[in-house]
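In: just coords:
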């Protein structure tokens, strides 16, 4: 008995722990998690970080460049030297040198254009990251709505199953009492059995939709989550939207990226043209050299001359100057590249024009879908009310012997279809609204 009680307590503790581990999500929380945990956003942030280092690297080119060098060499075999017509060993044993050089660009147009290019590259990376966030928010929002519509449809199917089971119980009593034909009894049973595959399919649909949502959020697929909203919570947002007089697409992420791409081409053209200009740089050099000689006797045909072993170090002087570089052949070889960049810019402008028209059409289509869904929601809401009244009337008619089981079946089926259509209409409105917000780059 003690073991049983202990196991029971452990089971309760485990169930409580599982309940605490279940992540409850609203739409805003789901979007927030996706923007912080999704690999897509992390990759975009890494790209911004990479471009930031590239920009800093370009600025470092303006800092004076200091270089130090040193060299030491020792003669393994003595060098030969000629003196007064005689060839003899050189007394040099080893040589060494130290040097320091510095350079700084004074006039370098190409360098400044390169820095401007990195600034635009940073803007492009930021805009790309912003587009990734907008697209991810759209995907998460629509996936969240998809979970809601499948869950609510599943509830409708369960309610329909209970209603069909109620009809089946009534039909069975009538059939057993001999007042209901066998055909009517069989049709009711068939209707009840046909709902079971739909219910199982809805269950699988919920699992698939929830798993896809977890992937978008960057969560472990084994992490249990619970969607706390229903479609009814968003029904208040289903309102007609007047046709936008001025459909402002300036915040559209795709168009903004195309605009930045055009600026990059213009800067590339300026960079290419700057290759024709001369560059001026200042430089300085300072050197220090040393040499060691070995002790030996120099025989020049007279009395041998002793050479002492020495180590001498001496300065090579400080050299300051200017370096001017003037491109000559580059004036002619750069012309084809400039024409290529001009053609690319013209092509990009045409591409943007086509993209703007396509996005404008998509925005108007989404707006029309929203207004169409508003009417569908109103119509299906009335259909639900009427179908429920019709079922109530059919049920009373059947109880009084004035109605048939077929009428009762049709009435219950009409309720199911009306509720499913109602949820589908709300989902279509919310999905179209999310697409319109994505196209406009803002909430409406």
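Out: In hand now; what should we look at? Note that this is a predicted model, so its numbers are computed, not measured. Numbers count the residues shown, from 1 in each chain.
In: wait, residue 282 sits on residue 322?
Out: Yes. If you go by C-beta atoms under 8 Å, residue 282 and residue 322 touch, sitting 5.7 Å apart. C-beta: built from backbone N, CA, C; applies to glycine.
In: so what sits against both of the two?
Out: Both residue 282 and residue 322 are in contact with residue 106, where contact means C-beta atoms under 8 Å, 6 or more residues apart in numbering.
In: quick one, which of those two is more surrounded?
Out: residue 282 (14 against 9; other C-beta atoms under 10 Å).
In: before we move on, what SS does residue 202 have?
Out: helix (DSSP: H, G, I helix; E, B strand; the rest coil).
In: number of nearby residues for it?
Out: Using other C-beta under 10 Å, residue 202 is surrounded by 19 other residues.
In: give me phi/psi at the residue nearest to it when sequence neighbours are not counted?
Out: Closest residue to residue 202 apart from its sequence neighbours, by C-beta to C-beta, 6 or more residues apart in numbering: residue 154 at 4.1 Å. Torsion angles at residue 154 (phi, psi; degrees, to the nearest 10) stand at phi -60, psi -40.
In: for residue 403, same thing?
Out: According to degrees, to the nearest 10, residue 403 has phi -110, psi 170.
In: And residue 285, by the same measure?
Out: phi -140, psi 140.
In: Can you name the residues that contact the residue nearest to residue 202?
Out: Here residue 154 is in contact with 199, 202, 203, 205, 206 (criterion: C-beta under 8 Å, 6+ apart).
In: from these, which is closest to residue 29?
Out: Nearest to residue 29 among the contacts of residue 154 is residue 206, at 19.1 Å by C-beta to C-beta.
In: For burial, what's the neighbour tally of that closest one?
Out: Residue 206 has 17 neighbours, counted by other C-beta under 10 Å.
In: Could you tell me how far it is located from residue 248?
Out: Distance, residue 206 to residue 248, using C-beta to C-beta, to the nearest Å: 38 Å.
In: Residue 179 now?
Out: When residue 179 is compared with residue 248 (using C-beta to C-beta), they lie 68 Å apart.
In: what does residue 416 give?
Out: With the distance defined as C-beta to C-beta, residue 416 ends up 43 Å from residue 248.
In: who has more neighbours, these two?
Out: A direct count of neighbours by other C-beta under 10 Å for residue 416 and residue 248 places residue 416 higher, at 20 against 11.
In: Find the helix or strand that the closest residue to that one other than its chain neighbours is a member of.
Out: Spatially, and ignoring its direct neighbours in sequence, residue 416 is nearest to residue 160 (4.1 Å; C-beta to C-beta, 6+ apart). Assigned by DSSP states H and E, residue 160 belongs to helix 109-177.
In: And residue 321, by the same measure?
Out: Here residue 321 is assigned to strand 310-325, by DSSP H and E.
In: shaky segments in the stretch 201-350 of the chain?
Out: 243-246, 297-304, 307, 330-331 (pLDDT under 70).
In: Pretty sure residue 113 sits against residue 269.
Out: No. Counting by C-beta under 8 Å, residue 269 is not a contact partner of residue 113; they are 9.5 Å apart.
In: picking up where we left off before, state the distance from the residue nearest to residue 416 to residue 69.
Out: 87 Å.
In: Compare the two and say which is more crowded by neighbours.
Out: Neighbour comparison, residue 160 and residue 69: the larger count goes to residue 160, with 22 against 10 (by other C-beta under 10 Å).
In: And the more buried one, how close does it get to residue 412?
Out: For residue 160 relative to residue 412 (C-beta to C-beta), the value is 7 Å.
In: now swap in residue 359 and tell me
Out: Distance, residue 359 to residue 412, using C-beta to C-beta: 45 Å.
In: where exactly do the helices run in the protein?
Out: With helices called from DSSP state H, the chain shows them at 2-21, 27-37, 39-59, 109-177, 182-217, 253-274, 330-333, 335-399, 405-440.
In: Which of those has the lowest mean pLDDT?
Out: Least confidently modelled of the helices of the chain is helix 2-21, at a mean of 42 by mean pLDDT.
In: number of nearby residues for residue 412?
Out: Residues near residue 412, counting by other C-beta under 10 Å, number 25.
In: Contact partners for it?
Out: By C-beta under 8 Å, 6+ apart, the neighbours of residue 412 are 160, 163, 164, 167, 391.
In: Put the buried members of those residues into a PyMOL selection.
Out: Here is the PyMOL command that selects the buried residues among the contacts of residue 412 (16 or more other C-beta atoms under 10 Å):
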select buried, resi 160+163+164+167+391
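In: Please tabulate the contacts of residue 412 in CSV, including the columns distance to residue 42.
Out: Shown next, in CSV, are these (distance: C-beta to C-beta, whole Å):
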residue, distance to residue 42
160, 44
163, 49
164, 49
167, 54
391, 53
